[in-house]
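S.K.: Here is my input; please provide its structure:
(one chain, ligands or ions: 1)
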Amino acid sequence: AGVAALKKLGFHAVFDMNSAADFTILEEAHEFCERLEKNENLPLFTSCCPGWVNYAKKLYPSLLKNLSSAKSPQQMFGSLINKIYGDSIGVTPPDVFVVSLVPCLAKKLELQEKDINYCVGLDIDVAITTKELASFIKYNNIDFNALEDSEFDDFFGSASGAGAIFGNTGGVMEAVLRTVNDTLSKTEQKKLDYEMVRGLDGIKRAKVKIGGREISLAVVMGLMNVPTIIEELEQDPNKYQFVEVMACEGGCIGGGGQPINPAVPRKEMLAARAKGLYAGEKRCLERKAHKNPMANKIYNEYLGGVGSELAKKMLHREFK
Ligand code: SF4
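M.R.: Residues are numbered from 1 along each chain as shown. A predicted model of the protein is given here:
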């Protein structure tokens, strides 16, 4: 019904942001394997949460070299829609107007960062929160409950299960590990679920065996927990190889732009949303990002492979 509502509001095409998460997962997994191989700039810190990136820029500038250069799903989507979708409909970037639907206000600031845009101007023109979209729907007298379910437009319309869990604390880590596991093992692995990185603890620590290596992980939920991990790394710089940080309780499912029901206790609401994401991802045709046919088509036909020169230009950033 969300897609139908957006079409009624006047959007020409509606795409699934989870499918952009698959590109972030693939670029980040590739980057992680490269850093492991070279043993440099470890641990790799995730960088898809702009709340965390801004905090790191201000308080831990020496850590910026450890942040993944892979752009967030929002910003990868901006580059890809402007160039690839724009080309396909014969519209050049300044005339492609891209609106993203986001969980928080930090995403509105992210799209304006100097180091993040690929095209001239902004890759994402406007970001609106889920709460704001609900207001627009009401303001335009659209009866949401009466709308038929409709599919995303197919250019970027299908995500893998890995992309679907990206918005949950631990979801980025789990999604990337699925691809890293196949890459380092050089065979297709059956392991898909990394339960040890799920749940609402402020810090989750785990070790996983992948391709004959033991990889040490930490998942940080809430910026108040970051100093603990930094202190641990000051004591032992090799303690972790991969660290996920999300600023909000629960991850993006608990973002400040998401609707809340005051009658439902917050932890209960977050647990229900997380359960919904993990149940939803099991319905996806593929659960690993590198198995997403849509992403593979775009890499083969346009980008020239994961980590290619063009992928680096379009899908990666610097931290200035
Ligand atoms: Fe925004 Fe919170 Fe998600 Fe970070 S974790 S991107 S601040 S909703």
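
S.K.: okay, CA-based contacts and neighbour counts for the rest of this
M.R.: Fine.

S.K.: any idea how far the closest residue in space to residue 52 that isn't next to it in sequence is from residue 253?
M.R.: Excluding its sequence neighbours, the residue lying closest to residue 52 (C-alpha to C-alpha, 6 or more residues apart in numbering) is residue 247, at 5.7 Å. Using C-alpha to C-alpha, to the nearest Å, residue 247 is found at 11 Å from residue 253.

S.K.: And for residue 58?
M.R.: From residue 58 to residue 253 the distance is 25 Å (C-alpha to C-alpha).

S.K.: Could you check which of the two has the larger neighbour count?
M.R.: Neighbour count, other C-alpha atoms under 10 Å: between residue 58 and residue 253, residue 253 has more, with 25 against 9.

S.K.: quick one: that one and residue 162, what's the gap?
M.R.: 15 Å.

S.K.: so residue 19, which of the three states?
M.R.: helix (DSSP: H, G, I helix; E, B strand; the rest coil).

S.K.: Could you pull up the residues touching the nearest residue to it once chain neighbours are set aside?
M.R.: Distances taken as C-alpha to C-alpha, 6+ apart put residue 159 closest to residue 19, at 4.0 Å, once the chain neighbours are dropped. By C-alpha atoms under 8 Å, 6 or more residues apart in numbering, residue 159 lies in contact with 16, 18-22, 284, 289, 292.

S.K.: Need these in a markdown table (columns: neighbour count).
M.R.: Formatted as a markdown table, these follow (neighbours: other C-alpha atoms under 10 Å):
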| residue | neighbour count |
| --- | --- |
| 16 | 22 |
| 18 | 24 |
| 19 | 25 |
| 20 | 25 |
| 21 | 30 |
| 22 | 30 |
| 284 | 17 |
| 289 | 28 |
| 292 | 22 |
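
S.K.: Can you add pLDDT and distance to residue 199 and give the residues you listed back as a markdown table?
M.R.: Converted to a markdown table, the contacts of residue 159 look like this (pLDDT from 0 to 100; distance: C-alpha to C-alpha, whole Å):
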| residue | pLDDT | distance to residue 199 |
| --- | --- | --- |
| 16 | 94 | 25 |
| 18 | 95 | 20 |
| 19 | 95 | 24 |
| 20 | 96 | 24 |
| 21 | 97 | 20 |
| 22 | 97 | 22 |
| 284 | 92 | 22 |
| 289 | 97 | 22 |
| 292 | 97 | 26 |
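
S.K.: and which of those is nearest residue 112?
M.R.: residue 20 (18.7 Å; C-alpha to C-alpha).

S.K.: Wait, the closest one touches residue 79, no?
M.R.: No: the pair residue 20 and residue 79 does not pass the contact test of C-alpha atoms under 8 Å, sitting 10.3 Å apart.

S.K.: helix or strand for the residue of the chain positioned farthest from its centre, which one?
M.R.: Within the chain, the residue lying farthest from the chain centre (C-alpha atoms, centre = their mean) is residue 141, at 31.9 Å. Using DSSP states H and E, residue 141 sits within no helix or strand.

S.K.: quick one, phi psi at residue 102?
M.R.: Backbone torsions for residue 102, taken as degrees, to the nearest 10, come to phi -130, psi 160.

S.K.: That one - how many residues pack around it?
M.R.: 23.

S.K.: who's in contact with it?
M.R.: 127-130, 257.

S.K.: Which of the residues you listed sits closest to the ligand?
M.R.: Nearest to the ligand among these, counting by C-alpha to the nearest ligand atom, is residue 257 at 7.3 Å.

S.K.: does the closest one count as helix, strand or coil?
M.R.: coil.

S.K.: how about it, what does it touch?
M.R.: 102-105, 129-132.

S.K.: ok, now with 6 Å
M.R.: 103-104, 129, 131 (C-alpha atoms under 6 Å, 6 or more residues apart in numbering).
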